[in-house]
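Enquirer: one predicted model, sequence on top.
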Amino acid sequence: MEFVTAFIESILRLSIPLLFAAYGGLISERSGLANVALEGKLLISAFAGAAVAAATQNPWLGLAAGVGAGAAGGWLFGALALYSRADHIVIGTAFNMLVAGLIPTVTRSWFGVTGSTPQLERSARLPSDIGFFVLAIVIGGLLYWALRETRWGLRLKAAGDEPEALRVQGVSARGVRLWASVLAGAVVAFGGIDLSLCQGSGYIRDMAGGRGFIALAALIFGGWRPVQTGLACLLFAAADAAQMLLQGKSVFDWVIPNSIVQIVPYIATLMVLALRRAGPAASAPRAINRPLYK
Amino acid sequence: MKRLSLFAPLISVFIGLALSLLLVVALGESPILVMKVLANGAVGSATSFGYSLFYATPLIFTGLSVWWSLRAGLFNIGAEGQMTVGGAAMAVVGIVLSSLPSWLAWPLALLAGFGAGAVWGYIVAWFKIRRGTHELLTSILLNFVSYGVAGVLFLHVFRNPSVQTPETLEVRERVLVARDERDWWLKPVECVFRFCSALRIRGRRGDAEIGFGLRTRWVGSAPEFARRTGVATSRQTMMALVISGGLAGLAGASMILGYAHKAREGFSSGAGFVGIAVALLGGRRAIGVLLAALLFGALQKGALDLDLDTEKISRDLAVVIQALVVIAVATKSWLEAKRWNS
């Protein structure tokens, strides 16, 4: 029994960064802005949160800084992708590269080490993840409601499916996408902060470990819908929890190499994607990655 | 438009470098010192120039790999993983097939590298064609899988038990491509040319007016036209990703079969990701990819010295410069539009 509760607790904890990243991705992708920069946003917010918390010894200032960095990253990514009319995926990849290079460069000059922030004391970290998990679920519920019932939600969907319709209304689809990207950055940031200020004690190099991309897979598998996406995140978190459980275990006296165990979540993600039926057009926003001129 | 073909990349490199130097200033280091260290490390002496070429070699392969997929309108960013499995396959062949004569052994090793990368590319293609999954997502996930596969091979199956570091046994002498013991800095140079010239030329021919390369480009730039002309688009997609994966699979050759004589964990050291930047900067022609790879190879070599020779900047500055160059290249359509209007 104890084992089962520990396993469930582990799933819930591991799902937090995935949920925030996937919901951030959902906001931006439903507006038509293809978002492969989730990984970079997780990293930049995790780093900004940890850096400010280390400097001020106040986790709440770290939280604010992380959310600010996520929103700023979202703005930068959105502005570059939308106003240059370049391919969103190329810009997103470059954004991830930029963050991956920028953080270690900055840490050397600020903290004297490449790629990480100083270890945080218990008092400089956020107390528990439960609040984060609840917040993620609340955001999922809000999205479910907002996409159906609010003007914001309808405009978001219109920008992603039929941007010309918005133009007829006199609303700038590009503006809708840009603000969606800022909001998305702020939402993803909670996932990054959870990594560096709750689950970890400070920022370490590449601490997101591909979670931004697993979240993207969850978003695709969930058909860009909030409830299904949330469930997909829990599924992938379960694969990750199983991976942690299997480390160092042996089957018939054969110790499973950690290299194999560690790739379980990625294999699981690929298998789930393989099970998804063909025909992506059914659920993907129709105008995703389509350049806008107004 | 033709006139822009060299102008835009140069401007992009300039913008990327200028913004990075602004960052250097903001971090409180002298940009002149940084530039000096970069230039000195990259082309300061014959040895460092040789090493710049050595660093450029894998980038030529990964750059061509991404470039080939871009030709077909696909974005294969899994070169890192394809390079890892390709390198693992080459090392395994080099270790296992010790009894074969040299003329058979090293082509077999290269073939194994190409094949392993191609299999990775095929998986991506399968997801793209059969499940409509964007190639970007599958190839990123496969990168992580490849680290695991290579990890098992390097740490467990073919591990060299006599050293602490996680690396494989030595590749047999016969499989090595560059065995020359002349001026030792020539070795990397030789690797570059032995490996690359043949493939690069093939890459260029394929891109010219012969049927196959042309069809690949049609699928990329005018899929509807290609389909109606009777081109089997999904087959072209598959071939493009398989070739792209295979090219990336060869990227470890100069390291494993030429220089280190063994594979160790993380030997790809980001060359697959830099390959994306190389391909995007390289533009439409293979020769551009080659030049971009030389530039970024020199940049990586030069940046190594930043760790020691500056107080506040690390080698990761090279990644920042590359990312900014990519952003500048990608947004250049905006520049072009501006020039067009004026």
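Expert: In hand now; what should we look at?
Enquirer: and the helices in the stretch 101-250 of chain B?
Expert: B:102-126, B:135-152, B:186-207, B:211-221, B:223-228, B:233-249 (DSSP state H, counting those that start in this stretch).
Enquirer: same question, chain A
Expert: Using DSSP state H, the helices found in chain A span residues A:2-30, A:38-56, A:59-83, A:88-111, A:130-149, A:151-161, A:163-169, A:173-193, A:211-221, A:226-246, A:258-262, A:264-275.
Enquirer: got a markdown table for these, with distance to residue B:129 and mean neighbour count too?
Expert: For the C-beta atoms, the positions are set from N, CA and C on the backbone; glycine is no exception. Output for the helices of chain A, formatted as a markdown table (distance: least, C-beta to C-beta, whole Å; neighbours: other C-beta atoms under 10 Å in any protein chain shown):
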| stretch | distance to residue B:129 | mean neighbour count |
| --- | --- | --- |
| helix A:2-30 | 22 | 23 |
| helix A:38-56 | 25 | 28 |
| helix A:59-83 | 27 | 22 |
| helix A:88-111 | 18 | 24 |
| helix A:130-149 | 31 | 16 |
| helix A:151-161 | 25 | 19 |
| helix A:163-169 | 28 | 15 |
| helix A:173-193 | 29 | 27 |
| helix A:211-221 | 16 | 28 |
| helix A:226-246 | 23 | 20 |
| helix A:258-262 | 28 | 18 |
| helix A:264-275 | 12 | 19 |
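Enquirer: compare the mean pLDDT across those helices and name the weakest.
Expert: The stretch with the lowest mean pLDDT among the helices of chain A is helix A:258-262, at a mean of 81.
Enquirer: list of residues touching that one?
Expert: A:243, A:246-248, B:147-152, B:155-156 (C-beta atoms under 8 Å, 6 or more residues apart in numbering or on different chains).
Enquirer: what's the closest of those residues to residue B:13?
Expert: Residue B:13 has its nearest neighbour among the contacts of helix A:258-262 in residue B:147, at 31.0 Å by C-beta to C-beta.
Enquirer: got the contact list for the closest residue in space to that closest one that isn't next to it in sequence?
Expert: Leaving aside its sequence neighbours, residue B:147 sits nearest to residue B:84 (C-beta to C-beta, 6 or more residues apart in numbering or on different chains; 6.4 Å). Taking C-beta under 8 Å, 6+ apart as the criterion, residue B:84 is in contact with B:143, B:146-147, B:149-150, B:252, B:267-268, B:272.
Enquirer: okay if I get those residues as CSV plus pLDDT?
Expert: CSV is the format used below for the contacts of residue B:84 (pLDDT from 0 to 100):
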residue, pLDDT
B:143, 89
B:146, 91
B:147, 88
B:149, 88
B:150, 86
B:252, 78
B:267, 77
B:268, 75
B:272, 84
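Enquirer: can you pick the most crowded of those?
Expert: residue B:252 (32 neighbours; other C-beta atoms under 10 Å in any protein chain shown).
Enquirer: quick check: that one vs chain A, distance?
Expert: 18 Å (C-beta to the nearest C-beta, to the nearest Å).
Enquirer: export stretch A:151-158 to PDB, keeping only CA atoms.
Expert: C-alpha atoms of stretch A:151-158 as PDB (Å, rounded to 0.1, in the frame of the first residue of the first chain):
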ATOM      1  CA  ARG A 151     -14.500  35.900 -26.100                       C
ATOM      2  CA  TRP A 152     -10.700  35.500 -25.400                       C
ATOM      3  CA  GLY A 153     -11.000  31.800 -26.000                       C
ATOM      4  CA  LEU A 154     -13.000  32.200 -29.300                       C
ATOM      5  CA  ARG A 155     -10.500  34.700 -30.600                       C
ATOM      6  CA  LEU A 156      -7.600  32.500 -29.700                       C
ATOM      7  CA  LYS A 157      -9.200  29.600 -31.600                       C
ATOM      8  CA  ALA A 158     -10.000  31.900 -34.500                       C
END
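Enquirer: what's in contact with that stretch?
Expert: A:27, A:30-31, A:146-147, A:165-166, A:171, A:173, A:176, A:180, A:285.
Enquirer: nearest to chain B, of the residues you listed?
Expert: For these, the residue nearest chain B by C-beta to the nearest C-beta is residue A:285; the value is 13.0 Å.
Enquirer: got the contact list for the residue lying closest to the closest one once chain neighbours are set aside?
Expert: Excluding its sequence neighbours, the residue lying closest to residue A:285 (C-beta to C-beta, 6+ apart) is residue A:160, at 3.5 Å. When contacts are counted by C-beta under 8 Å, 6+ apart, residue A:160 touches A:29-32, A:285-288.
Enquirer: in PyMOL, how would I select the buried members of these?
Expert: Buried residues within the contacts of residue A:160, by 16 or more other C-beta atoms under 10 Å in any protein chain shown, are selected in PyMOL with:
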select buried, chain A and resi 29+30+31+32+285+287+288
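Enquirer: so what pLDDT did residue A:280 get?
Expert: pLDDT, residue A:280: 49.
Enquirer: apart from its chain neighbours, what residue comes closest to whatever residue of the stretch 1-150 of chain A ends up closest to chain B?
Expert: As assessed by C-beta to the nearest C-beta, chain B sits closest to residue A:101 within the stretch 1-150 of chain A, at 2.9 Å. Excluding the flanking residues, the one nearest residue A:101 by C-beta to C-beta, 6+ apart is residue B:319, at 2.9 Å.
Enquirer: state the helix or strand in which that neighbour lies.
Expert: helix B:317-330 (DSSP states H and E).
Enquirer: among the helices of chain A, which is nearest residue B:69?
Expert: Of those, nearest to residue B:69 by C-beta to C-beta is helix A:88-111, at 12.3 Å.
Enquirer: now do the helix holding residue B:319: which elements does it pack against?
Expert: helix A:88-111, helix B:4-26, helix B:271-282, helix B:286-304 (3 or more C-beta pairs under 8 Å, 6 or more residues apart in numbering or on different chains; DSSP states H and E).
Enquirer: please repeat the previous calculation with a cut-off of 10 Å.
Expert: helix A:59-83, helix A:88-111, helix B:4-26, helix B:31-43, helix B:271-282, helix B:286-304, helix B:306-309 (3 or more C-beta pairs under 10 Å, 6 or more residues apart in numbering or on different chains; DSSP states H and E).
Enquirer: export it to CSV, keeping only CA atoms.
Expert: What follows is helix B:317-330, C-alpha atoms only, in CSV (Å, rounded to 0.1, in the frame of the first residue of the first chain):
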residue,chain,number,x,y,z
LEU,B,317,29.4,31.8,-26.1
ALA,B,318,29.8,29.9,-29.4
VAL,B,319,26.3,28.5,-29.0
VAL,B,320,24.9,32.0,-28.3
ILE,B,321,26.6,33.3,-31.5
GLN,B,322,25.2,30.3,-33.5
ALA,B,323,21.7,30.8,-32.2
LEU,B,324,21.7,34.5,-32.9
VAL,B,325,23.1,33.8,-36.4
VAL,B,326,20.2,31.4,-37.0
ILE,B,327,17.6,33.9,-35.8
ALA,B,328,19.1,36.5,-38.1
VAL,B,329,19.1,34.1,-41.1
ALA,B,330,15.5,33.0,-40.4
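Enquirer: relative to helix B:286-304, how tilted is it?
Expert: 150 degrees (axes from the mean of the first three to the mean of the last three C-alpha atoms, to 10 degrees).
Enquirer: so for helix B:317-330, mean pLDDT?
Expert: Per-residue scores along helix B:317-330 average to 89.
Enquirer: now it: how far from the chain's centre is it?
Expert: Its chain's C-alpha centre and that of helix B:317-330 lie 16 Å apart, by C-alpha atoms, centre = their mean, to the nearest Å.
Enquirer: and what of stretch B:18-38?
Expert: 26 Å.
Enquirer: close to chain A, is it?
Expert: Yes - counting by C-beta under 10 Å from any C-beta of the partner chain, chain A has neighbours in stretch B:18-38: B:20, B:23-24, B:26-29.
Enquirer: now these as CSV including pLDDT?
Expert: Below are these laid out as CSV (pLDDT from 0 to 100):
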residue, pLDDT
B:20, 90
B:23, 89
B:24, 88
B:26, 87
B:27, 85
B:28, 82
B:29, 82
